[in-house]
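Asker: based on what follows, work out the 3D shape:
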Amino acid sequence: MKIIAGFILMAAGTLFMAKSEDIFKNFGRIAWFDKHLGAEGGSRLGYKLIGLIIVFFGLLLATGSLDGFLKVVLSPLMKGKF
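Answerer: Residues are numbered from 1 along each chain as shown. Model (predicted):
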């Protein structure tokens, strides 16, 4: 089941990146991305980065590496609770 969910996330992220212009037209600008990534195309690039992050988490989920990745990333915050 995790493999299928991972592939669905990867497909959704890829679609998010491919259709970033349509997403931009529907949802508009994101001020943080425009401020930090440039005035022209900052939001478009931000939508592509969001899609890339979704693909990354889908890949981690499909390969079964998500639990280990989250343990490594969150361990400084949890101070040995894992």
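Asker: residue 12 touches residue 54, doesn't it?
Answerer: Yes. Counting by C-beta atoms under 8 Å, residue 54 is a contact partner of residue 12 at 6.0 Å. No exception for glycine: its C-beta is placed from N, CA and C like everyone else's.
Asker: compare those two and say which is more crowded by neighbours.
Answerer: The neighbour comparison of residue 12 against residue 54 (other C-beta atoms under 10 Å) goes to residue 54, with 19 against 14.
Asker: ok, the more buried one touching residue 8?
Answerer: No. Between residue 54 and residue 8 there is no contact under C-beta under 8 Å: 10.2 Å.
Asker: chain center to whichever helix in the chain runs longest: distance?
Answerer: In the chain, assigned by DSSP state H, the helix with the most residues is helix 42-63. Put simply, helix 42-63 sits 3 Å off its chain's centre (C-alpha atoms, centre = their mean, to the nearest Å).
Asker: the helix or strand that comes right after it - contacts with which helices or strands?
Answerer: Using DSSP states H and E, the helix or strand that directly follows helix 42-63 along the chain is helix 66-78. Here helix 66-78 is seen to pack against helix 42-63 when contacts are counted using 3 or more C-beta pairs under 8 Å, 6 or more residues apart in numbering; DSSP states H and E.
Asker: most centrally placed residue in this structure?
Answerer: By C-alpha atoms, centre = their mean, the chain has its centre lying nearest to residue 53, at 2.2 Å.
Asker: that one contacts residue 13, doesn't it?
Answerer: Yes. Using C-beta under 8 Å, residue 53 makes contact with residue 13 at a distance of 7.4 Å.
Asker: residue 47 and residue 26: what is the separation?
Answerer: 10 Å (C-beta to C-beta, to the nearest Å).
Asker: more neighbours: which of those two?
Answerer: residue 47 (21 against 8).
Asker: okay, the more buried one: pLDDT?
Answerer: pLDDT for residue 47: 92.
Asker: one more: residue 15?
Answerer: On the pLDDT scale, residue 15 gets 95.
Asker: and it, which helix or strand is it part of?
Answerer: helix 2-18.
Asker: tell me the helix or strand right after that helix.
Answerer: Following helix 2-18 in sequence order, the next helix or strand is helix 20-27 (DSSP H and E).
Asker: fine, thanks again, bye for now.
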